[in-house]
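[1] Let me see the structure of the following:
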Amino acid sequence: MFASKLESYFLDNEKKVNKLIAKFLPLFCFIGPIILICDKIGFFDVDDKNLIIFSSLVIFVTILFSLFTRKVARNTYLKYIYFFVFEGLIFYLSIIPGVDLNIGYLVVPLLAALYYSGRFSLIVNITSYFVMILSLVIRFKTNTSWFYYKTVSMTIEFLIWILVEFAIVRTAKGFLNDNYKRNKQIHNIQLNLISGFANLVEAKDTTTGHHIKRISAYVKLICEELKKIPRFQTYLTSENIERIVSAAPLHDLGKIAIPDAILCKTTVLTSDEFNLIKQHPLMGDQLIRDNMSSIEDAEYIRIARDVALHHHEWWNGNGYPDGLSGRNIPLCARIISTADVLDALLSKRPYKDGYTIDKTYEIISSLAGIQFDPDIIGILPKIKNEIEEIANDESGRLAEKYVSLD
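    Numbers count the residues shown, from 1 in each chain. Have a look, this model is predicted:
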């Protein structure tokens, strides 16, 4: 599990670098005009037509990749596409008569180093070297002695750069790796403290068994299925799903402030008792604000507060405490609200037997558009077998297994 999380960490870095390079590409647009200006001043003697073609190519690929990167920034092959484009542009510049951009062949390896991938850097370096040699062959095919001189000198430069680059990549990746492990350890400590809060609530309510484990598993299953719908993909990233699943045990945190006599009551609650129970979302939100401010992940805190405060809101606005309706209810709260009721219906309690999976689905489906988000209810049939297995496992181990899956 840790290895896959670490891989995801570096994939996120790759996504950021892909976007950075897409922004860096427009700088090549200035190369053609600058060389043309230098040509007019007398520094170069170049073919204007080739530079105009080069500048047009740069503008074209800049627009193309700007649009492309927005949609597939995390695609692992995108860096190779960037590499071939940059290499092609530098090669084109290098074979234009009058332009001497030998150092340009170090630009692509430099960009490759930002990905912290030794394998990718090696591929880029080797390919860049041979493309550089090819450009020298084309430029100096009639001057053998000059070709040998340039090849030897540039090979030495390249070897020095490769050593420097790989030292940078190895050191940087090692630092990021260690930093990730430290942050993960701190994050795990914080999650254990959070789980301790949730376990205190469950210990007070002895009728719920492995309630928080099952809810976390249901939430994970719902999130993974829901993110297949395009409009939810922006919010339901891997990171946010992990946050929502981690926050799920905190949905009833406010019940820690409810007297045991009310919380564990097996008969019908009085109106005053029910009104007091209805305060637990506000109490949970307050507890999170007061006790979790030291957690650095601001997005996690926001999700945890939304979950605690709004998991009893109804789609039609008849819930509490704020009477929110529809998509005004945070998605994380809508998901956990559904998972909470699923478990309540499927579980055996002192005052009722657990419903069958079919009866549970019948009841919860009848409340689509009333209590629950219709989109969430719509995907429940796709995870019916998994939910039934988790509900029937009295040990809670299966629920833990589903939560730990990446």
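[2] use CA for all of it now, contacts and neighbours both
    Noted.
[3] Any regions of the protein where pLDDT drops low?
    Residue ranges of the chain with pLDDT under 70: 1-12, 42-46, 72-75, 97-104, 176-209, 294-296, 350-351, 405-406.
[4] now the strands: where do they sit in it?
    Here the chain has no strands by DSSP state E.
[5] which residues does the spatially closest residue to residue 248 that is not a sequence neighbour contact?
    If you skip the residues right next to it in sequence, residue 248 has residue 216 as its closest partner in space, 5.7 Å away by Cα to Cα, 6 or more residues apart in numbering. Counting by Cα atoms under 8 Å, 6 or more residues apart in numbering, residue 216 makes contact with 245, 246, 248, 249, 399, 403.
[6] From those residues, pick the one nearest residue 318.
    residue 248 (22.2 Å; Cα to Cα).
[7] Distance check, the closest one against residue 369.
    The span separating residue 248 from residue 369 equals 22 Å under the rule Cα to Cα, to the nearest Å.
[8] So the two - more neighbours on which side?
    Counted by other Cα atoms under 10 Å, residue 248 and residue 369 do not tie: residue 248 has more neighbours, with 34 against 16.
[9] from what I can see the more buried one touches residue 213, true?
    No. Residue 248 lies out of contact with residue 213 (Cα atoms under 8 Å); the separation is 9.0 Å.
[10] Domain-wise, how is the protein divided?
    For the chain, whose domains are defined here by automatic domain parsing, the residue ranges read 2-177, 205-404.
[11] From the chain's centroid, how far away is the longest one?
    It refers to domain 205-404. Going by Cα atoms, centre = their mean, to the nearest Å, the spacing between the C-alpha centre of domain 205-404 and its chain's C-alpha centre is 23 Å.
[12] Number the residues from 485 up from this point.
    Renumbered: residue one is now 485, and that last one reads domain 689-888.
[13] residue boundaries of the helices in the stretch 535-684 of the chain?
    562-579, 591-597, 602-623, 628-688 (DSSP state H, counting those that start in this stretch).
[14] Tabulate those in TSV, adding columns for distance to residue 715 and mean neighbour count.
    As requested, these are exported to TSV (distance: least, Cα to Cα, whole Å; neighbours: other Cα atoms under 10 Å):
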stretch	distance to residue 715	mean neighbour count
helix 562-579	24	18
helix 591-597	33	20
helix 602-623	33	17
helix 628-688	29	15
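[15] Save those as a markdown table, and put in distance to residue 817 too.
    Rendered in a markdown table, the data for these read as follows (distance: least, Cα to Cα, whole Å):
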| stretch | distance to residue 817 |
| --- | --- |
| helix 562-579 | 35 |
| helix 591-597 | 41 |
| helix 602-623 | 42 |
| helix 628-688 | 17 |
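[16] who wins for proximity to residue 795 among those helices?
    The stretch from the helices of the stretch 535-684 of the chain with the least distance to residue 795 (Cα to Cα) is helix 628-688; that distance is 15.2 Å.
[17] burial measure for residue 705, as a count.
    Using other Cα under 10 Å, the number of residues around residue 705 comes to 23.
[18] How about residue 601?
    Quick note: residue 601 (other Cα under 10 Å) scores 16 neighbours.
[19] Please look at it and residue 655 and confirm they touch.
    No. At 11.4 Å, residue 601 does not count as touching residue 655 under the criterion of Cα under 8 Å.
[20] ok, for residue 753, nearest residue in space, not its chain neighbours?
    Ranked by Cα to Cα, 6+ apart and with sequence neighbours excluded, the top spatial neighbour of residue 753 is residue 746, at 7.7 Å.
[21] what's the spacing between that neighbour and residue 752?
    Computed as Cα to Cα, the residue 746 to residue 752 distance reads 10 Å.
[22] Who has more neighbours out of the two?
    Comparing residue 746 with residue 752 by other Cα under 10 Å, the one with more neighbours is residue 746, at 15 against 9.
[23] all helices in the stretch 685-834 of the chain, in order from the N-terminus.
    695-710, 722-731, 744-747, 755-761, 764-775, 782-794, 815-830.
[24] Export stretch 709-718 to PDB, keeping only CA atoms.
    Output of stretch 709-718 as PDB, limited to C-alpha atoms (Å, rounded to 0.1, in the frame of the first residue of the first chain):
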ATOM      1  CA  GLU A 709     -17.900   3.900  -8.400                       C
ATOM      2  CA  LEU A 710     -19.100   7.500  -8.400                       C
ATOM      3  CA  LYS A 711     -15.900   8.900  -9.800                       C
ATOM      4  CA  LYS A 712     -16.600   6.900 -13.000                       C
ATOM      5  CA  ILE A 713     -19.200   9.600 -13.700                       C
ATOM      6  CA  PRO A 714     -17.400  12.400 -15.500                       C
ATOM      7  CA  ARG A 715     -18.800  15.300 -13.500                       C
ATOM      8  CA  PHE A 716     -17.600  13.900 -10.200                       C
ATOM      9  CA  GLN A 717     -14.000  13.200 -11.400                       C
ATOM     10  CA  THR A 718     -12.600  16.700 -10.600                       C
END
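[25] hmm, who's touching that stretch?
    By Cα under 8 Å, 6+ apart, the list of residues contacting stretch 709-718 reads 720, 721, 860, 863, 866, 867.
[26] about what we covered before: turn the helices of the stretch 685-834 of the chain into TSV, columns for distance to residue 610.
    As requested, the helices of the stretch 685-834 of the chain are exported to TSV (distance: least, Cα to Cα, whole Å):
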stretch	distance to residue 610
helix 695-710	41
helix 722-731	35
helix 744-747	68
helix 755-761	68
helix 764-775	53
helix 782-794	42
helix 815-830	48
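[27] closest one to residue 625 among those?
    In this view, these are compared for proximity to residue 625 by Cα to Cα, and helix 722-731 is the closest at 53.8 Å.
[28] Next, the angle helix 695-710 makes with the closest one.
    Put simply, helix 722-731 runs at 160 degrees to helix 695-710, going by axes from the mean of the first three to the mean of the last three Cα atoms, to 10 degrees.
[29] Could I get the buried residue list for helix 722-731?
    By neighbour count, with 16 or more other Cα atoms under 10 Å as the criterion, the buried positions of helix 722-731 are 722, 724, 725, 726, 727, 728, 729, 730, 731.
[30] now, among those, which is nearest to residue 540?
    For the buried residues of helix 722-731, the nearest to residue 540 is residue 722 (39.2 Å; Cα to Cα).
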